[in-house]
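> Predicted model and sequence follow; I will ask about them next.
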Amino acid sequence: MIISQIRWSPTESFEIFGFPVYIYSLMFILAFLVGYNLVKSFFAKEKVDEKYLDPLLIYLVLSVFLGARLGEVFFYQWGYYQNHLIEILLPIQESPNSSILGLIDGYKFTGFRGLASHGAAIGMTIGLLIFKRKYKFKSLLWIFDRLTVPTAIGGAFVRIGNFFNSEILGKYTNNEWGVIFENRGEVLPRHPAQLYESFGYISLFIILYILYQKVSIREKEGKLFGYFLIGLFSIRFIVEFVKESQGGIETILPGLSTGQWLSIPFIAIGILFLIVINKNPKIN
């Protein structure tokens, strides 16, 4: 018997001066704003020159966005985007009877709806490597450690945005907390997988923030980063069990979902970090 009565049919956007503003995009912006202020507080706490903060934010915004977008394209949706190349880096979608502000016919403005967290992780790593070639104020691991806390809470905001978009759906369930995504035309409840993941990231944020306050952990470069990789991608791996398939490489690597296959290397790297740090007392 289906006992869920949680019905979900939210607005995905609102208009400002006739231009649509998507809640998902706002969640992404909020993630960066909160993250910026967290890192700023870390710089102040550790007496690091804030002149490095703004360029760090610029490199992160660009690299995370590009990585997340390209990750979605190549890990999950290449079958579609190979025939819609213009949509990869533009927030539009082909729609024959639509136009954007009366200027671009055949397309509608959608915002960036497809962003992959694994791609974001890869993009952030590449972006920080480029950043470090120009700015040499601290080690790469020091920077990674300080970014773990804001990244965890940022992931929570993004998943809330996914919930408003009614995307990255869970499997059907009879649980009391199942959600009926009415704006997708559905009548049966699903696991709110987006909220499960968001709650997991909030919990991880709290744990990492507490660990950051401990000087003995903070001064072991790479330790927070190791905990972060294990925690975040373990959460992702577990939640994948109640998610609907998103396609991608699971079609050629059966047994696990694409998200799970992509999470395993990150978890392994996190474990390796902790093993190396714990076996080497000379590290800071």
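Structure received.

> C-alpha from now on. contacts and neighbour counts both.
Noted.

> could you point out which element follows the helix or strand containing S203?
Per DSSP states H and E, S203 falls inside helix 193-212. From helix 193-212 onward toward the C-terminus, using DSSP H and E, the following helix or strand is helix 215-218.

> Buried residues in that next one, which are they?
Within helix 215-218, the residues that count as buried by 16 or more other C-alpha atoms under 10 Å are R218.

> Helices of the stretch 101-250 of the chain, start to end?
With helices called from DSSP state H, counting those that start in this stretch, the stretch 101-250 of the chain shows them at 117-134, 140-164, 193-212, 215-218, 223-239.

> Next, format those as CSV and append mean pLDDT and distance to R7.
Formatted as CSV, the helices of the stretch 101-250 of the chain follow (pLDDT from 0 to 100; distance: least, C-alpha to C-alpha, whole Å):
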stretch, mean pLDDT, distance to R7
helix 117-134, 89, 27
helix 140-164, 94, 12
helix 193-212, 97, 15
helix 215-218, 89, 44
helix 223-239, 96, 21
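
> To Q93, which of those lies closest?
Among these, the nearest to Q93 by C-alpha to C-alpha is helix 140-164 (17.9 Å).

> Give me the angle between that closest one and helix 117-134.
150 degrees (axes from the mean of the first three to the mean of the last three C-alpha atoms, to 10 degrees).

> Could you dump the helices of the stretch 101-250 of the chain into JSON lines with distance to D49 added?
Listed next are the helices of the stretch 101-250 of the chain as JSON lines, based on distance: least, C-alpha to C-alpha, whole Å:
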{"stretch": "helix 117-134", "distance to D49": "15"}
{"stretch": "helix 140-164", "distance to D49": "13"}
{"stretch": "helix 193-212", "distance to D49": "19"}
{"stretch": "helix 215-218", "distance to D49": "18"}
{"stretch": "helix 223-239", "distance to D49": "22"}
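
> rewinding a little: what sits up against the helix holding S203?
With C-alpha atoms under 8 Å, 6 or more residues apart in numbering as the test, helix 193-212 has contacts from 148-150, 152-153, 155-157, 159-160, 162-163, 168-170, 217-218, 224, 227-228, 231-232, 235-236, 239, 242-243.

> Show me the one of the helices of the stretch 101-250 of the chain that comes nearest I58.
Nearest of the helices of the stretch 101-250 of the chain (C-alpha to C-alpha): helix 117-134, 9.6 Å.

> got the buried residues for that closest one?
117-128, 131-132.

> C-alpha coordinates for it, PDB please?
Below are the C-alpha coordinates for helix 117-134, written out as PDB (Å, rounded to 0.1, in the frame of the first residue of the first chain):
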ATOM      1  CA  SER A 117      30.200  16.200  -9.200                       C
ATOM      2  CA  HIS A 118      32.900  13.900 -10.300                       C
ATOM      3  CA  GLY A 119      33.700  16.200 -13.200                       C
ATOM      4  CA  ALA A 120      33.700  19.100 -10.800                       C
ATOM      5  CA  ALA A 121      36.300  17.300  -8.600                       C
ATOM      6  CA  ILE A 122      38.600  16.700 -11.600                       C
ATOM      7  CA  GLY A 123      38.100  20.300 -12.800                       C
ATOM      8  CA  MET A 124      38.900  21.700  -9.400                       C
ATOM      9  CA  THR A 125      42.100  19.700  -9.300                       C
ATOM     10  CA  ILE A 126      43.200  20.900 -12.700                       C
ATOM     11  CA  GLY A 127      42.300  24.500 -11.900                       C
ATOM     12  CA  LEU A 128      44.200  24.500  -8.600                       C
ATOM     13  CA  LEU A 129      47.300  23.100 -10.400                       C
ATOM     14  CA  ILE A 130      47.100  26.000 -12.800                       C
ATOM     15  CA  PHE A 131      46.600  28.400  -9.900                       C
ATOM     16  CA  LYS A 132      49.600  27.100  -8.100                       C
ATOM     17  CA  ARG A 133      51.900  27.800 -11.200                       C
ATOM     18  CA  LYS A 134      51.200  31.500 -10.700                       C
END
